[in-house]
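In: Quick one: sequence plus predicted model below, questions after.
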Amino acid sequence: MRILSLVLALMFVVGAACAICGCTTQTSTTPQVSEQSTLMVYCGAGIREPMEEIAAMYENETGTMIEFTFGGSAQLLSQMELVKQGDLYMPGATAYIESAAKKGFINTSEKLVYHIPIIAVAKGNPKNVTGIADLARPDLRVVIGDPTGPAIGATTKKLLNKSGLWETVSANAVAKRATVNELIVDICMGTADASVIWYDLYVPDKMERIEIPKAENDIKVIPIGTLTFSENPAEAQAFADFVASDKGLAVFEKFGYVIYPDPKYES
């Protein structure tokens, strides 16, 4: 019995040694894109729908899982600065990528599609809103994006400053929202009369849109960037390339985005 026990123990030791050697050999090889990989993407809340569809396509094709943290572009940047983790950053405007790059967070970046501000009002436009100047009217319940939060907030402040209306609109606004999605809910639910949102988020059966002339507007470009502290840089770049590919951009077009560059929106 003792002999049998010794033999079994010896077999266990040999097997364990082989397993260890096998593991050592496997980890010493050059890293490859793995079907078990998971990437974390900091993504502006207003881009949620197309990005979730693109992520599903990518997961089906590669096996790489995509996890999102959605929120306002500025808050996402602050979160990245705090934790210094994650793989990609996709804010609502290039200014946030540029800020992240100055902090040393961005490895590569690419411009994808336009974010075009419009005025959204209740269906039928019962308050007869015709342009930016109307947002200063005291009879309107206006909601705006927080200028320190989502990209639409900073954009709204900038385009209202062009017309000298920011102080009045900011003071009269019934609420300042942390994400563009909350502004859309306010208009759709009838708790606000007007707001500035992105063209691609307009809901035809719930609201009317008033386009803002280019000279008065502040049109943005949505970028995607890979992060310098990514633990999966090859996989991160592969996903960024997929988003910027014809397949990825086709999804954005389906959701009403204009592909960058377009002469209509360039200076």
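Out: That came in fine, so what should we check first?

In: Lys102 - how many residues pack around it?
Out: When neighbours are counted by other Cβ atoms under 10 Å, Lys102 registers 9. Glycine gets a C-beta too; all of them are placed from N, C-alpha and C.

In: List the contacts of it.
Out: Residues near Lys102 by Cβ atoms under 8 Å, 6 or more residues apart in numbering: none.

In: Tell me how far it lies from Leu227.
Out: Distance, Lys102 to Leu227, by Cβ to Cβ, to the nearest Å: 14 Å.

In: Could you do Cys188 as well?
Out: 34 Å.

In: more crowded one of those two?
Out: Leu227 (23 against 16).

In: The more buried one: what's it in contact with?
Out: Contacts of Leu227 (Cβ under 8 Å, 6+ apart): Met80, Gly86, Asp87, Leu88, Tyr89, Phe105, Ile106, Asn107, Ala236.

In: among those residues, which are in helices?
Out: When these are checked against helices (DSSP state H), the matches are Met80, Ala236.

In: Restricted to strands, list the contacts of Leu227.
Out: Assignment to strands by DSSP state E places the following of the contacts of Leu227 there: Leu88, Tyr89, Ile106, Asn107.

In: Using JSON lines, lay out the residues you listed together with distance to Gly44, pLDDT and neighbour count.
Out: Listed next are the ones in strands among the contacts of Leu227 as JSON lines, based on distance: Cβ to Cβ, whole Å; pLDDT from 0 to 100; neighbours: other Cβ atoms under 10 Å:
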{"residue": "Leu88", "distance to Gly44": "12", "pLDDT": "98", "neighbour count": "27"}
{"residue": "Tyr89", "distance to Gly44": "9", "pLDDT": "98", "neighbour count": "26"}
{"residue": "Ile106", "distance to Gly44": "15", "pLDDT": "98", "neighbour count": "19"}
{"residue": "Asn107", "distance to Gly44": "19", "pLDDT": "98", "neighbour count": "18"}
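
In: ok, the residues you listed vs Lys247, which is closest?
Out: Leu88 (16.9 Å; Cβ to Cβ).

In: Who does the closest one form a beta bridge with?
Out: Val41, Thr226 (DSSP bridges).

In: What ranges does the stretch 101-250 of the chain have for its strands?
Out: Per DSSP state E, counting those that start in this stretch, the stretch 101-250 of the chain carries strands over the ranges 106-115, 117-122, 142-145, 175-177, 194-198, 207-211, 220-227.

In: Nearest to Leu39, out of these?
Out: Nearest to Leu39, of all these, is strand 220-227, at 9.8 Å by Cβ to Cβ.

In: Direction-wise, compare that closest one with strand 194-198 and give the angle.
Out: 50 degrees (axes from the mean of the first three to the mean of the last three Cα atoms, to 10 degrees).

In: what angle do strand 220-227 and strand 106-115 make?
Out: Using the same axes, to 10 degrees: strand 220-227 against strand 106-115 is 160 degrees.

In: from the strands of the stretch 101-250 of the chain, which stretch is densest packed?
Out: Burial of the strands of the stretch 101-250 of the chain is given as mean neighbour count (mean count of other Cβ atoms under 10 Å); strand 194-198 ranks first at a mean of 27.

In: And the contacts of it?
Out: Outside strand 194-198, the residues touching it (Cβ under 8 Å, 6+ apart) are 46, 92, 115-122, 127, 129, 134-135, 140-145, 152, 155-156, 159, 180, 183-184, 186-187.

In: partners of that strand, with directions?
Out: strand 117-122 (antiparallel), strand 142-145 (parallel).

In: can you tell which of these is closest to Glu167?
Out: Smallest distance to Glu167 across these (Cβ to Cβ): 12.4 Å, for strand 142-145.

In: State the mean pLDDT of the closest one.
Out: Averaged over strand 142-145, pLDDT sits at 98.

In: contacts for that strand?
Out: Counting by Cβ under 8 Å, 6+ apart, 135, 151-156, 169-170, 172-177, 179-180, 182-183, 186-187, 191-196 sit against strand 142-145.

In: what's the answer for stretch 76-85, then?
Out: So stretch 76-85 is contacted by 40, 42-44, 69, 71, 86, 89, 91, 96, 99-100, 103, 105, 227, 229 (Cβ under 8 Å, 6+ apart).
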